[in-house]
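Colleague: Curious how this folds, go ahead:
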Amino acid sequence: MNIEEAKASIVASQARGLSPQQIARKLFLVDSPAVFVSNGALQYEILDKISQKFQIPIRSIQIVGSAQIGCSLHKGTLFDAKSSDIDFAIVDLGLFHKLAQTAFLAGDGLQSPANFPIDKESGKSTQPSYRSYVARGILRPELMPNCPERADWMNFFGMLSDNYSDYCNGMSGVIYASDLYLEWRLREVVDRFLGQSERP
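Modeller: Reported below is the predicted structural model:
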């Protein structure tokens, strides 16, 4: 769907009395992913690789963002294989704890900014961002301290990006401690979109 269709769907859902969280759940977690709408075999192939790599149930992997709904609510742009990423949300407490503990040790109890990579945009350590996300039940491995597990994660999604470059500009994954944290994050996306669309 395009941005106008997404807006119409959200407005219609509001009219039916759905909350922003319920709208987010429908758009991002129930509706079929736009990027794989006519290629379920490819969707399974990619999800299975992620499932096998990290030893997690395949049902715990969700496609979110513009690849899921067909457009970016934030940018107002359509999903485009040449310029858009496919973002995966992995809801798995075991994987969350495993990498959180790894990051805790690699980051000297998360106290040492020097152990964290430097953000390309800000030129600063990713430590504050990493800590902020983890406090909200979200683990972004690219923000983790430098360690073999971070490198392995980045290499794996880099390999996926290369292997499926005909379908997207890249692939990335974020880990959530539970459905609640994922749904809260997606609700924030819908809330921001509704706030923007209500402005003159």
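
Colleague: What ranges in this structure fall below the confidence cut-off?
Modeller: 1-2, 196-200 (pLDDT under 70).

Colleague: Give me the buried stretch members for the longest helix seen in it, please.
Modeller: Secondary structure of the chain read by DSSP state H shows that its longest helix is helix 179-197. Across helix 179-197, burial judged by 16 or more other Cβ atoms under 10 Å covers 181-187, 189-190, 193-194. Every residue, glycine included, has its C-beta placed from N, CA and C.

Colleague: try stretch 29-42
Modeller: Neighbour-count burial for stretch 29-42 flags 29, 33-36 (criterion: 16+ other Cβ under 10 Å).

Colleague: quick one: terminal-to-terminal distance for that stretch?
Modeller: 18 Å (Cα to Cα, to the nearest Å).

Colleague: The longest helix of the chain - contacts with which helices or strands?
Modeller: helix 3-15, helix 20-24, strand 85-91 (3 or more Cβ pairs under 8 Å, 6 or more residues apart in numbering; DSSP states H and E).

Colleague: so where do the helices sit in the protein?
Modeller: Counting by DSSP H, the chain has helices at residues 3-15, 20-24, 40-54, 66-69, 93-106, 127-135, 148-163, 179-197.

Colleague: quick check: angle from the first one to helix 179-197?
Modeller: I take that to be helix 3-15. 110 degrees (axes from the mean of the first three to the mean of the last three Cα atoms, to 10 degrees).

Colleague: swap in the third one?
Modeller: Orientation note: helix 40-54 sits at an angle of 130 degrees relative to helix 179-197 (the same axes, to 10 degrees).

Colleague: so how far is helix 40-54 from its chain's centroid?
Modeller: 16 Å (Cα atoms, centre = their mean, to the nearest Å).

Colleague: Same question for the first one.
Modeller: Once both centres are worked out by Cα atoms, centre = their mean, helix 3-15 turns out to sit 22 Å from its chain's centre.

Colleague: CA atoms of that helix as PDB?
Modeller: This file holds the C-alpha atoms of helix 3-15, laid out as PDB (Å, rounded to 0.1, in the frame of the first residue of the first chain):
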ATOM      1  CA  ILE A   3       1.100   6.300   2.200                       C
ATOM      2  CA  GLU A   4      -2.400   7.400   1.400                       C
ATOM      3  CA  GLU A   5      -3.700   3.900   1.600                       C
ATOM      4  CA  ALA A   6      -1.900   3.400   4.900                       C
ATOM      5  CA  LYS A   7      -3.400   6.600   6.200                       C
ATOM      6  CA  ALA A   8      -6.900   5.500   5.100                       C
ATOM      7  CA  SER A   9      -6.400   2.100   6.700                       C
ATOM      8  CA  ILE A  10      -5.400   3.700  10.000                       C
ATOM      9  CA  VAL A  11      -8.200   6.200   9.900                       C
ATOM     10  CA  ALA A  12     -10.700   3.400   9.200                       C
ATOM     11  CA  SER A  13      -9.300   1.400  12.100                       C
ATOM     12  CA  GLN A  14      -9.600   4.400  14.400                       C
ATOM     13  CA  ALA A  15     -13.200   4.800  13.300                       C
END
